[in-house]
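Peer 1: Pasting a predicted model and its sequence here:
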Amino acid sequence: MRNILIFCVLLLFTFAILVFVQPQWVAAPAKDGAGPLAIKIDPRLVAPEYHSPIEWWRTHHMDAINAGDFTEADCLRCHDPQTSCNNCHSYVGVRAIPTPSP
Ligand code: HEC
Ligand code: HEC
């Protein structure tokens, strides 16, 4: 009888610990979104015309760069790779855009 009681207490204890050890939920990268992966772009900047429509650009910007229409340096005039390229790239598993040395 006493063993069962100890077992139950230990079981409860284990569940209580598991509740706290759960990994934190991380929000997917989204512009002005929440969490460490949020995409941040200087709000004073106006998006260039080739970004339009933005849903299309989000999934086709790599084509423009790989076709040679733009270089990565063109993008970094406005974008900080840490806060508006690589947070998304690391999430989807694409290689990181190098930060240019100043
Ligand atoms: C003149 C400044 C400027 C340049 C140059 C520029 N961008 Fe942007 N970009 C912006 C702005 C501003 C936004 C936000 C637009 C919006 O949310 O409507 C944006 C948004 C984006 C987004 C979408 C982020 C999201 O998920 O909402 C991607 C991807 C992106 N840019 C990639 C690029 C790439 C790749 C290049 C180079 C070929 C580039 N940008 C060049 C200003 C720029
Ligand atoms: C909202 C998410 C997102 C953002 C923000 C983003 N990218 Fe991408 N990028 C992707 C995805 C997804 C792919 C891969 C698509 C595929 O392989 O089909 C990609 C691929 C690329 C590629 C091709 C990589 C390769 O090895 O072929 C380049 C170059 C690139 N992105 C540049 C940039 C630059 C520069 C920025 C910042 C200005 C940027 N991206 C911001 C999602 C994003």
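Peer 2: Nice, I can see it. Ligands and ions are numbered 1, 2, ... in the order given.
Peer 1: Close to ligand 1: what parts of the protein are there?
Peer 2: Selection of the chain residues close to ligand 1 by C-beta under 6 Å from any ligand atom yields 31, 39, 41, 45, 47-48, 51, 54, 57-58, 61, 64-65, 70, 74-75, 77-79. Every residue, glycine included, has its C-beta placed from N, CA and C.
Peer 1: In strands, which of those residues fall?
Peer 2: Judged by DSSP state E, those include no members of strands.
Peer 1: Can you tell me which of those residues end up in helices?
Peer 2: Among those, the residues falling in helices (DSSP state H) are I54, W57, R58, H61, A64, I65, D74, C75.
Peer 1: In contact with the fourth one: list those residues for me.
Peer 2: If you count contacts by C-beta atoms under 8 Å, 6 or more residues apart in numbering, H61 has them with C75.
Peer 1: Going forward, count from 54.
Peer 2: All right, first residue 54 from here; so that's H114.
Peer 1: where's it relative to ligand 2, distance?
Peer 2: Distance, H114 to ligand 2, using C-beta to the nearest ligand atom, to the nearest Å: 5 Å.
Peer 1: Same check on the third one?
Peer 2: Here the criterion is C-beta to the nearest ligand atom. By it, R111 lies 5 Å from ligand 2.
Peer 1: Equivalent analysis for the last one, please.
Peer 2: According to C-beta to the nearest ligand atom, C128 stands 4 Å off from ligand 2.
Peer 1: Ok, the fifth one next?
Peer 2: With the distance defined as C-beta to the nearest ligand atom, A117 ends up 9 Å from ligand 2.
Peer 1: My guess is that residue contacts F123. True?
Peer 2: Yes. Applying C-beta atoms under 8 Å, one finds A117 in contact with F123, separated by 5.4 Å.
Peer 1: mind listing what's buried in the lengthiest helix in the chain?
Peer 2: For the chain, the helix reaching the highest residue count under DSSP H is reported as helix 55-74. Residues of helix 55-74 classed as buried: none (neighbour count, 16 or more other C-beta atoms under 10 Å).
Peer 1: Also stretch 128-138?
Peer 2: Quick answer for stretch 128-138 (16+ other C-beta under 10 Å): C128, L129, H132, P134, S137, C138.
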